[in-house]
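Colleague: Need coordinates for the below:
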Amino acid sequence: MKSLAVMLVGACLVVGARAETFAEAVLTHIHQSLVTDAGEVVVRDEDLDIKLRVDTDTWVADGLFYEVGVSAGQTMVTVFDYTITLSNEGLPYPGPRPSFCTPLQFTQCVEPNGAEGTFAQIVVGYNDPRGGNPFLDVMQDQITLVEAGSGGGQLFQSGQLTSVVGTTYPFGIQTDTLAALMFVNVFTSAVPEVSTLASMMAGLVFVGAAMAPYRRRKAAFAR
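Modeller: Numbering: from 1, shown residues only. Below you'll find the model as predicted:
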């Protein structure tokens, strides 16, 4: 699993470029397969268009719930294609927000340090340990990018994130609902509009559902 550190591998960084300040994350494809002793079976393969973009002083969240199920000796592999674009005009940022922290059990926080900044994170294979199936072994994957500083700049990255699920429990098929979570944040003097604030509240509902017990998540939000 990738660490929470800022990842710049394969990214394009344009130092000093003057551009609009915004953060955007997109999930573009999901491919899910079940690997058994007999071979690999494709369970799901489809394009996605789950896009988050913010260009005012706020953050938003969204994502996708997906089902997994394996028995002993099987592995379910789910691969997400993504793109992230960060653009920072590099203007001073006096506040009012001193920081942003992802609303997960294991949070990551970023600070503006006096200048505009952008942040994006995608986490796949997320399940709250307080409500997930204890008989499943889940390997998460994630990407975190930050573009900040008075010089401004742009950052683009595309790639794949993979969650892997297995079990050693010898009886029956073990199932759960996992989440691909997306967060974007911008520190800028631009004031968020009402529609942006509504998106932020919807994101809070989605994240709250991801951290709720499995049965409540599945009944209310499974897609």
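
Colleague: and residue 132, helix, strand or coil?
Modeller: At residue 132, secondary structure determined by DSSP: H, G, I helix; E, B strand; the rest coil is coil.

Colleague: isn't it right up against residue 176?
Modeller: Yes - counting by Cβ atoms under 8 Å, residue 132 does reach residue 176; the two are 5.7 Å apart. C-beta: built from backbone N, CA, C; applies to glycine.

Colleague: Out of these two, name the residue with the larger neighbour count.
Modeller: Each of residue 132 and residue 176 had its neighbours counted (other Cβ atoms under 10 Å), and the higher figure belongs to residue 176 (21 against 17).

Colleague: Quick check: the more buried one touching residue 128?
Modeller: No - contact criterion Cβ under 8 Å: residue 176 and residue 128 do not qualify, at 10.5 Å.

Colleague: And the helices in this protein, which stretches?
Modeller: Read by DSSP state H, the chain holds these helices, from start to end of the chain: 194-210, 214-221.

Colleague: Between the ones you listed, which has the poorest mean confidence score?
Modeller: Set side by side, the helices of the chain show their lowest mean pLDDT on helix 214-221, which sits at a mean of 39.

Colleague: neighbours of residue 151, just the number please.
Modeller: Burial of residue 151 is recorded as 11 neighbouring residues (other Cβ under 10 Å).

Colleague: distance of it from residue 83?
Modeller: Residue 151 sits 24 Å away from residue 83, going by Cβ to Cβ, to the nearest Å.

Colleague: for residue 21, same thing?
Modeller: Counting by Cβ to Cβ - residue 21 and residue 83 are separated by 18 Å.

Colleague: do the same with residue 94
Modeller: Distance of residue 94 to residue 83, given as Cβ to Cβ: 31 Å.

Colleague: Please identify which of these two sits among more neighbours.
Modeller: Comparing residue 94 with residue 83 by other Cβ under 10 Å, the one with more neighbours is residue 83, at 16 against 8.

Colleague: Spit out the contact partners of the residue nearest to that one when sequence neighbours are not counted.
Modeller: Residue nearest to residue 83 in three dimensions, not counting chain neighbours: residue 158, with 4.4 Å by Cβ to Cβ, 6 or more residues apart in numbering. For residue 158, the contacting residues are 81-84, taking Cβ atoms under 8 Å, 6 or more residues apart in numbering as the criterion.

Colleague: correct me, but residue 78 touches residue 162?
Modeller: Yes - assessed by Cβ under 8 Å, residue 78 is found in contact with residue 162 at 7.0 Å.

Colleague: which residues does the residue nearest in space to the middle of the chain form a beta bridge with?
Modeller: Nearest to the mean C-alpha position of the chain, counting by Cα atoms, centre = their mean, stands residue 122 at 2.1 Å. According to DSSP bridges, the partner residues bridging residue 122 are residue 143, residue 182.

Colleague: related to what we said a few turns ago, quick one: which two of the contacts of residue 158 are the most distant?
Modeller: 81 and 84 (11.6 Å; Cβ to Cβ).

Colleague: And the strands in the chain?
Modeller: Residue ranges of the strands in the chain, as given by DSSP state E, are 12-15, 22-36, 39-54, 59-70, 75-88, 100-101, 109-110, 117-126, 137-139, 141-148, 153-166, 174-187.

Colleague: Nice, that's everything, thank you.
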